[in-house]
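Colleague: turn this into a model:
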Amino acid sequence: MMDRLDTEIAETPVAAGADTPDRTTSVAPARKVFVKTYGCQMNVYDSERMSDALARDGYTATDTPDDADLVLINTCHIREKAAEKVYSQLGRLNKLKKKRQREGSDLMVAVAGCVAQAEGHEITRRAPVVDVVIGPQTYHRLPEALAKARSGAKVVETDFPVEDKFTALPKAPEKIIRKRGVTAFLTVQEGCDKFCTFCVVPYTRGAETSRPVDAIVAEAERLAAAGVREVTLLGQNVNAWHGEGSDGREWGLGELLRRLSAIDGLERLRYTTSHPRDMDDGLIAAHHDLPKLMPYLHLPVQAGSDRILKAMNRRHTAADYIRLVERIRAANPDLALSGDFIVGFPGETDADFEDTMRLIETVGYAQAFSFKYSPRPGTPGADLDDHVDETVKSERLQRLQDLLFRQQRDFAKRCVGREIDLLLEKTGREPGQLIGRSPWLQPVIVDAKPEEIGDIVKVRITQAGPNSLFADRV
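Modeller: Coordinates of the predicted model:
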């Protein structure tokens with residue numbers, strides 16, 4: 001499963017990748033699209049690719065649904081609240097659509113992503129405002145689906161197609177890549193064969209599949225040529241990626257990272273999310289050998305109790321996980337670790353929870369994401385007995401988050417005084433400030449000029465705030 005990416009709930013508007021036409025020409029005004037993204041980094045990547053497809057179909061971006069011809073909601077289904085947010089959003093859009101119809105215009109609404117895949121026709125039944133429902137494996141068909149919907153049909157595209165969506169999607173022009181910034185996501189693997197009992201991903205994203213080496217390298221080279229300095233490889237189980245390399249052998253993720261590190265202009269590499277069972281020797285060695293591979297690893301464990309891990313179908317023990325962490329840190333002692341934790345899984349006792357707390361104390365995390373267990377329809381966990389009381393879940397989550405926050409704060413304090421190379425990514429809140437990410441993924445604020453965005457500069461960490469670091473130029 002894709003632990004962090006599909007449990008970290010966020011809302012990220014993603015604009016379509018097309019320039020506004022020159023209004024001095026006689027070209028008819030383009031249709032406008034507003035894209036809203038819920039969930040994970042892979043959803044952000046998917047929204048960008050759908051935006052590329054819509055740009056080829058004549059759509060330009062708008063940052064508000066009020067003047068959009070199309071609103072596209074890219075959804076996450078990993079937690080109940082995320083799905084309900086979508087339906088709340090659709091309720092608001094229904095009012096907007098009726099208002100637009102009274103004014104003599106129209107608004108199309110499309111729902112994409114994992115909620116679309118899981119609920120399909122139920123979405124158009126529950127929210128008639130929706131014109132198109134399209135799953136994460138079929139979004140390359142979005143322009144055709146919209147064309148059908150314009151004729152009055154309700155379109156639901158949630159089959160797992162034979163064709164490769166990545167091959168079918170248009171390539172983003174260089175000027176669009178440049179607008180998106182100096183960092184980028186690149187999906188290399190999708191789907192999951194692990195079937196953790198709490199997780200809906202195998203049912204919404206399908207079986208584990210890996211993109212070919214040549215396609216990944218070509219996309220990374222296009223990104224680098226357009227000024228991208230850092231690429232994060234994405235996958236539900238990204239370290240399960242495998243593909244035939246240029247030497248005819250089957251490569252693992254470690255070898256792919258070595259190939260990508262040879263691309264000129266690409267200065268930083270990251271990947272997420274990893275499963276402990278797929279962390280092989282080649283990938284661990286890459287953390288030792290590749291300066292471009294950032295010393296940060298998201299390696300979810302979910303629980304520290306072997307009994308709960310077995311009930312979750314994680315197929316590793318707490319001791320297995322700790323030994324793996326020790327091997328990785330031996331390869332790169334500077335590595336910062338991040339994780340995911342679920343509290344209140346069915347049957348979790350006080351003793352089970354204390355096992356999780358001990359594992360956290362033993363491992364030590366620079367970051368972590370933690371949640372109360374939320375049963376997802378259709379997963380084995382939803383049918384288990386002995387569900388934990390919500391009050392108990394909340395109390396446990398608070399204790400666990402207090403510990404994780406203390407570890408995160410302590411790690412940040414240990415960074416004070418260190419000199420690091422910082423990739424300047426975007427402007428800060430205050431004039432004269434830019435924000436970048438440390439090698440360990442923390443936001444770092446430093447005085448710099450906007451024209452320096454994309455530069456990698458030497459800074460010294462001077463202060464650790466609650467959510468970011470502050471630095472001076474060296």
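
Colleague: can you show me the helices along the stretch 101-250 of the chain?
Modeller: 114-119, 121-126, 142-150, 165-168, 174-180, 201-204, 213-225 (DSSP state H, counting those that start in this stretch).

Colleague: comparing those helices, which comes out most buried?
Modeller: Of the helices of the stretch 101-250 of the chain, the one with the most neighbours on average (mean count of other Cβ atoms under 10 Å) is helix 114-119, at a mean of 26. C-beta: built from backbone N, CA, C; applies to glycine.

Colleague: what residue ranges in the protein score low on pLDDT?
Modeller: 1-29, 79-82, 162-163 (pLDDT under 70).

Colleague: beta partners for Glu230?
Modeller: Thr183, Arg268 (DSSP bridges).

Colleague: spatially, what comes nearest to Asn94 if we skip its sequence neighbours?
Modeller: Among residues not flanking Asn94 along the chain, Val129 sits closest, at 4.0 Å (Cβ to Cβ, 6 or more residues apart in numbering).

Colleague: for the one you found, give me its contacts.
Modeller: Taking Cβ atoms under 8 Å, 6 or more residues apart in numbering, we find Val129 in contact with 90, 93-94, 97, 109.

Colleague: generate a PyMOL selection restricted to the buried subset of the residues you listed.
Modeller: Provided next is the PyMOL selection string for whichever of these are buried by 16 or more other Cβ atoms under 10 Å:
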select buried, resi 90+93+94+97+109
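
Colleague: for the contacts of Val129, which one is nearest Ile435?
Modeller: Distance ranking of those against Ile435, using Cβ to Cβ, places Leu93 first at 32.4 Å.

Colleague: quick check: next helix or strand after the host helix or strand of Gln408?
Modeller: Assessed by DSSP states H and E, Gln408 sits inside helix 390-415. Going down the chain from helix 390-415, the next helix or strand is strand 419-427, by DSSP H and E.

Colleague: tell me which strands that following strand pairs with, and in which orientation.
Modeller: Short version: by DSSP bridges, strand 419-427 pairs with strand 433-437 (antiparallel), strand 456-464 (antiparallel).

Colleague: next, the angle from the next helix or strand after the shortest one to helix 390-415.
Modeller: Past strand 433-437, further along toward the C-terminus, the next helix or strand under DSSP H and E is strand 443-447. On the basis of axes from the mean of the first three to the mean of the last three Cα atoms, to 10 degrees, strand 443-447 is oriented at 40 degrees to helix 390-415.

Colleague: for strand 443-447, buried residues please.
Modeller: In strand 443-447, counting by 16+ other Cβ under 10 Å, buried: 443-446.

Colleague: packing partners for it?
Modeller: strand 419-427, strand 433-437, strand 456-464, strand 469-473 (3 or more Cβ pairs under 8 Å, 6 or more residues apart in numbering; DSSP states H and E).

Colleague: I'd like the ones you listed as JSON lines, with mean neighbour count and distance to Gln189 appended.
Modeller: What follows is these, written out as JSON lines (neighbours: other Cβ atoms under 10 Å; distance: least, Cβ to Cβ, whole Å):
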{"stretch": "strand 419-427", "mean neighbour count": "18", "distance to Gln189": "24"}
{"stretch": "strand 433-437", "mean neighbour count": "21", "distance to Gln189": "23"}
{"stretch": "strand 456-464", "mean neighbour count": "17", "distance to Gln189": "28"}
{"stretch": "strand 469-473", "mean neighbour count": "18", "distance to Gln189": "31"}
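
Colleague: out of those, which comes closest to Leu403?
Modeller: strand 456-464 (17.9 Å).

Colleague: before we move on, the earlier item: which of the contacts of Val129 sits closest to Tyr203?
Modeller: Looking across the contacts of Val129 and measuring by Cβ to Cβ, the closest to Tyr203 is Leu90, at 21.9 Å.

Colleague: does that closest one touch Pro128 like I think?
Modeller: No - in this structure, Leu90 is not within contact of Pro128 by Cβ atoms under 8 Å, at 9.4 Å.

Colleague: what residues does stretch 188-195 touch?
Modeller: 1-2, 42, 136-137, 199, 201-202, 205-211, 216, 233-238, 240-241, 253, 256, 275, 277, 313-315, 380.

Colleague: hang on, the earlier thing: any chance of the strands paired with strand 419-427 in a markdown table, plus distance to Ala331?
Modeller: As requested, the strands paired with strand 419-427 are exported to a markdown table (distance: least, Cβ to Cβ, whole Å):
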| stretch | distance to Ala331 |
| --- | --- |
| strand 433-437 | 22 |
| strand 456-464 | 24 |
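
Colleague: looking at the ones you listed, spot the one closest to Leu400.
Modeller: strand 456-464 (21.8 Å).

Colleague: now the angle between strand 469-473 and that closest one, please.
Modeller: Going by the same axes, to 10 degrees, strand 456-464 makes 130 degrees with strand 469-473.

Colleague: please state the offset of strand 456-464 from the chain centre?
Modeller: Relative to its chain's centre, strand 456-464 lies at 26 Å (Cα atoms, centre = their mean, to the nearest Å).

Colleague: residues in contact with that strand?
Modeller: 229, 267, 409, 412-413, 415-424, 438, 444, 446, 448, 469-474.

Colleague: nearest spatial neighbour of Arg307, skipping sequence neighbours?
Modeller: Going by Cβ to Cβ, 6+ apart, Arg307 has Asp352 as its nearest residue, at 6.2 Å.

Colleague: give me the distance between that neighbour and Val343.
Modeller: 10 Å (Cβ to Cβ, to the nearest Å).

Colleague: neighbour-wise, which of the two wins?
Modeller: Val343 (26 against 21; other Cβ atoms under 10 Å).

Colleague: that one reaches Phe369, doesn't it?
Modeller: No - at 11.8 Å, Val343 does not count as touching Phe369 under the criterion of Cβ under 8 Å.
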